[in-house]
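Undergrad: 3D model of this:
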Amino acid sequence: MKTQVNEKDVAHFLSTVEPKARRDDALQLMSLLGDLCGWPAQMWGDSIVGFGSYRYQYASGRSGDWMRIGFSPRKSALVLYVMDGFSEREQLLERLGKPKLGKSCLYIKRLKELDILALTELIEASLARMQERYPE
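TA: Numbering: from 1, shown residues only. Down below sits the predicted model:
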């Protein structure tokens with residue numbers, strides 16, 4: 001996998017995020033994720049802030065390491081990577097607001113437009129499911 005955990009400085013990376021509103025959202029999300037999971041933030045590649053890690057292996061035998069949860073402040077949105085996806089979370093997603101969804105990505109235009117309690121519950125549920133699938 002091309003994107004690997006590295007020693008780049010998370011605070012420096014986030015200080016370069018523009019516009020300021022996206023930077024503020026990224027800092028708030030980093031604080032929330034750190035509080036909920038307890039792992040330190042680490043850079044994955046050049047633009048992803050991840051927390052924790054797990055080892056996966058495909059049926060083909062290919063394996064690798066990846067973050068348990070993370071985010072990236074992109075130009076168009078703040079992207080939250082929810083590694084276990086969104087299945088069986090319809091009620092939480094309805095409460096959350098109107099972010100766009102990918103398979104394991106939540107695209108957030110503005111954090112203040114979301115129900116933070118629902119976002120917190122979504123993150124906690126994801127971390128719990130990842131712990132079940134990939135015990136530390």
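Undergrad: Tell me the secondary structure of the residue located most distally from the centre of the chain, please.
TA: Farthest-out residue of the chain from its mean C-alpha position, per C-alpha atoms, centre = their mean: residue 60, at 26.5 Å. Here residue 60 is coil, with the state taken from DSSP: H, G, I helix; E, B strand; the rest coil.
Undergrad: Would you agree residue 40 is in contact with residue 49?
TA: No. With contacts counted by C-beta atoms under 8 Å, residue 40 stays clear of residue 49, the gap being 10.4 Å. For the C-beta atoms, the positions are set from N, CA and C on the backbone; glycine is no exception.
Undergrad: out of the two, which sits in the more crowded spot?
TA: When neighbours are counted by other C-beta atoms under 10 Å, residue 49 comes out ahead of the other of residue 40 and residue 49, with 24 against 9.
Undergrad: Got the phi and psi for the nearest residue to the more buried one once chain neighbours are set aside?
TA: Closest residue to residue 49 in three dimensions, ignoring its sequence neighbours and counting by C-beta to C-beta, 6 or more residues apart in numbering: residue 41, at 5.1 Å. In this entry, residue 41 is assigned phi and psi values of phi -70, psi 140 (degrees, to the nearest 10).
Undergrad: Confirm that residue 75 sits in a strand.
TA: No. Secondary structure assignment (three-state DSSP) places residue 75 in coil, not in a strand.
Undergrad: Residue 79 against residue 108, yeah?
TA: Yes. A contact is recorded between residue 79 and residue 108 when judged using C-beta under 8 Å, the distance being 7.4 Å.
Undergrad: between these two, who's got more neighbours?
TA: With neighbours defined as other C-beta under 10 Å, residue 79 and residue 108 compare such that residue 108 has more, 25 against 20.
Undergrad: Cross-check the contact I'm expecting between that one and residue 102.
TA: No. The pair residue 108 and residue 102 does not pass the contact test of C-beta under 8 Å, sitting 12.0 Å apart.
Undergrad: can you give me the helices for the chain?
TA: 10-15, 20-37, 90-96, 116-133 (DSSP state H).
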